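Chemist: sequence plus predicted model, see below.
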Amino acid sequence: MTPETHSPTSTDDPKLGPPPGCPAHGNGPGSLRRLYGPEAEDLGAVYEKLRAEHGAVAPALLHDDVPIWVVLGHGENLHMVSTPSQYCKDSRLWTPMQDGTVKPDHPLMPHFAWQPICCHAEGEEHLRLRGAVTGAMSTIDYRSIRRSINRATQHLVNQFCEDGRADLVSQFAEHLPMAVMCEILGMPEEYGDRIVQAARDMLKGTETAIASNQYVMDVLMRLTARRRAEPQDDFTSHLINHPAGLNDEEIGQHLRVVLIAAYEATANLLANVLRVVLTDPGFRAQLNGGQMTVPEAVEQSLWDEPPFSTVFAYFAKQDTELGGQRIRQGDGLLLGIAPGNVDPRVRPDLKANMQGNRAHLAFSGGPHECPGQDIGRSIADVGVEALLARVPDIQLACGEHELRWRSSIGNRHLVELPVKFEPKTPEEVMERPTVKPVAPLRPNNWQVSTEQSQPTASEPAVPADEPTPTSASPEPARRPGLYRRLLRWWRRN
Ligand code: HEM
């Protein structure tokens, strides 16, 4: 199939002919590399071939041989995302969308289809929508979020610690971000297998994806109605009450963006960091020996395996030039996060440690730069730390070569991460009282007395909210009493 030509949107003299390498004017599929199908099984290798052939910006083909530029250079990616006068995210400008080259059933349509949300908006409208999201985020108390991440981690570990084995993708990495986001949004009671499965299903684009999307939207619209009627101190209420005045439809759509972006990216990040910890003895030794902290390990992973490998897409608002290529108005450009992160001009030695350097592209940059990066980082930092503290003897339960990935242009994620360890007894996890009613503490055999008051907001339930000790000693058969646990926590701090 021959890539179709763009409609003549540029003011260039057509007699000059197409610029060399223009994705819209290739000599046929043979002359342009595909980013899909059998030849693109290893997209990292394709990007390196494209870099060698074309430099920092290369022409390529998406599904149905739709032309696209891939931005491979670190600086070129940063320039693109930071120059809103030349590039935007409004897919309605894309020539192949305008001339019908991109059919409505194109497999990447969910990424391209324009929606009235901050991810596609620009200028004043982007400021209005994004301002409401960042305004609501600014009310988040990170101390309490870190506590809730730790608490959710303890709950998840409790569910598999007695088995001595687990799959860290489906039993941990995919659950933790959802549990935390449900709490941030103000719907902790909605967290569970059902919503995790729905989010997973939506992103895989299976036959039930539409029904799953509907389920998630119904949950979020119900939450919107509840909080509109009775605001609380949570993200959703602050989003609703932001002076930008988002209507219910906009609120629901932005809750969905936040929930799904957070779930997908953070689940990938958690799985990637844990995979390196489990498979790279040097990495683990550095962590154990204190030469590297978990946040540094997370940052290294954001360089080496960014949770989103590319972002669909930016669009040229005018004829311009990028990385030596002539870009026409209406051309589409893939934000190349993974190839930009390994640009030899910024990383001549890929093995070199990037400690202290946060200049990776994992969160993009410019006006659309990820506003949730601190939450994503916190979930990964606290989650990995608390998991390794609870199960310090954790090991991979299969050969490294048996690990499988599912790849698409947008991301590459682990299918499973099977682990084994000595079985452990579950830990009691205290619920933090919140503005929302919480389930009463389960009766247990360690509480000192029945007069033991539940913690209040001014008396946070510190011991259970802080990571557990890192010793590899076998777990006691019975949990120590509250007083001993308080003492233990006090000594550690
Ligand atoms: C490790 C985790 C995460 C990664 C790697 C990540 C990465 C990204 C990237 C690459 C973009 C696209 C930027 C662009 O279009 O140029 C983005 C956008 C966005 N992310 Fe994240 N993200 C993460 C976690 C989160 C979390 C936890 C939240 C919410 C709590 C969030 C909310 C958003 C939103 C609302 C946008 C759209 C911003 C806009 O278009 O103005 N992300 N993220």
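Modeler: Received, thanks. Note that the coordinates shown come from a computational prediction; the quantities given were computed from them, not determined experimentally.

Chemist: smallest gap between this protein and the ligand, at which residue?
Modeler: Gly372 (2.1 Å; C-beta to the nearest ligand atom). C-beta coordinates here come from the backbone N, C-alpha and C atoms, glycine included.

Chemist: hmm, that residue is touching Val258, no?
Modeler: Yes. Using C-beta atoms under 8 Å, Gly372 is in contact with Val258, at 6.7 Å.

Chemist: re earlier: who are the contact partners of the residue of the chain closest to the ligand?
Modeler: Contact analysis of Gly372 by C-beta atoms under 8 Å, 6 or more residues apart in numbering lists Met137, Val258, Ala261, Ala262.

Chemist: who are the contact partners of Phe315?
Modeler: Phe315 touches Tyr87, Cys88, Lys89, Asp90, Ser91, Leu93, Trp94, Gly330, Asp331, Gly332, Leu333, counting by C-beta under 8 Å, 6+ apart.

Chemist: which of these has the most neighbours?
Modeler: Asp331 (30 neighbours; other C-beta atoms under 10 Å).

Chemist: excluding sequence neighbours, find me the nearest residue to that one.
Modeler: Distances taken as C-beta to C-beta, 6 or more residues apart in numbering place Ala316 nearest to Asp331, at 4.7 Å, with adjacent residues excluded.

Chemist: with Ser237 instead?
Modeler: Pro231 (3.9 Å).

Chemist: can you tell me how far the one you found sits from Pro339?
Modeler: Between Pro231 and Pro339 the computed distance is 44 Å (C-beta to C-beta, to the nearest Å).

Chemist: wait, Val66 sits on Thr101?
Modeler: Yes. Counting by C-beta under 8 Å, Val66 does reach Thr101; the two are 5.6 Å apart.

Chemist: out of the two, which sits in the busier spot?
Modeler: Val66 (25 against 20).

Chemist: counting neighbours, what do you get for the closest residue to the more buried one other than its chain neighbours?
Modeler: In space, and not counting its chain neighbours, Val66 is closest to Pro96: 5.1 Å by C-beta to C-beta, 6+ apart. Neighbours of Pro96 under the rule other C-beta under 10 Å: 27.

Chemist: and Pro96, what pLDDT?
Modeler: You'll see Pro96 listed with a pLDDT of 96.

Chemist: so it: helix, strand or coil?
Modeler: helix (DSSP: H, G, I helix; E, B strand; the rest coil).

Chemist: determine which two of the contacts of Gly372 are furthest apart.
Modeler: Met137 and Ala261 (12.3 Å; C-beta to C-beta).

Chemist: enumerate the residues of the protein near the ligand.
Modeler: By C-beta under 6 Å from any ligand atom, the residues of the chain that approach the ligand are 81, 118-119, 130, 133, 257-258, 261-262, 265-266, 269, 307-308, 311, 335, 362-364, 368, 370-373, 375-376.

Chemist: 5 Å - rerun?
Modeler: Within the chain, the positions lying close to the ligand (C-beta under 5 Å from any ligand atom) are 118-119, 130, 257-258, 261-262, 265-266, 269, 307-308, 311, 362-364, 368, 370, 372, 375-376.
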